[in-house]
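Q: Return a 3D structure for these sequence lines:
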Amino acid sequence: MPATVSSGTVSLAVPDAPRAESRRKGLEQGLDDGRVRRFLEHVWSKEKLSTAEGHCIMNLCMAATYDPDPKAPNGFRLPFNLETGEVIEERWREWRKHDPINLVERYRDNLKTMRGIYIDCGWRDQYHIHYGSRILSSRLSAAGIRHRYEEFDDNHSDIDYRMDVSLPFLYRALKP
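A: I've put the predicted structure just below:
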């Protein structure tokens, strides 16, 4: 049973030491201590998500894709400690294995057979994807892989107008 410690107007529960140690260990391994499950239950009951909730869902989807673990709560691990926000290096390595920048060398021969690779991004991207895209373009060039890379004066959102540039390129690449 947790003990209660009171000091003036502040009261807090002190968890049993074994439970606290187990919880801390789980968080250090990228496991959910119940927060992610409660968040998911909350958002699944909503008709419309907030922008912040949508971003959180994107991160959880990446965790499920990049570091699945059927034995873990929710079937995946997180690349950071839910309590402290610290990156968990072992978990982050699993994510980085899926980073296109890190896949160029592995798939170089396959990428060279592609008839068209088109990469574009806004140089004011709120997710800063332009930095990774620049690195990706550089790695593709260094590997001798033909591609088209463009940056434009915009961000990550409401950029459907860019399809006027990308779709004709891709159509020509796919046309027999």
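Q: And the spatially closest residue to I88 that is not a sequence neighbour, how far from H98?
A: Leaving aside its sequence neighbours, I88 sits nearest to G30 (Cβ to Cβ, 6 or more residues apart in numbering; 5.1 Å). Yep, even glycine has a C-beta here, placed from its N, CA and C like the rest. The gap separating G30 from H98 is 15 Å, by Cβ to Cβ, to the nearest Å.
Q: give the contact list for I135.
A: Contact partners of I135, counting by Cβ atoms under 8 Å, 6 or more residues apart in numbering, are I101.
Q: Please state the offset of the strand or helix carrying it from the chain centre?
A: Assigned by DSSP states H and E, I135 belongs to helix 129-142. Taking the mean of its C-alpha atoms, helix 129-142 sits 18 Å from the chain's own mean (Cα atoms, centre = their mean, to the nearest Å).
Q: Pull out the buried positions in that helix.
A: H130, S133, R134, L136, S137, R139, L140 (16 or more other Cβ atoms under 10 Å).
Q: Got the confidence number for the closest residue to the last one other than its chain neighbours?
A: Read that as L140. Of all residues not flanking L140 in the chain, H147 sits nearest, at 4.9 Å (Cβ to Cβ, 6+ apart). As predicted, H147 sits at a pLDDT of 98.
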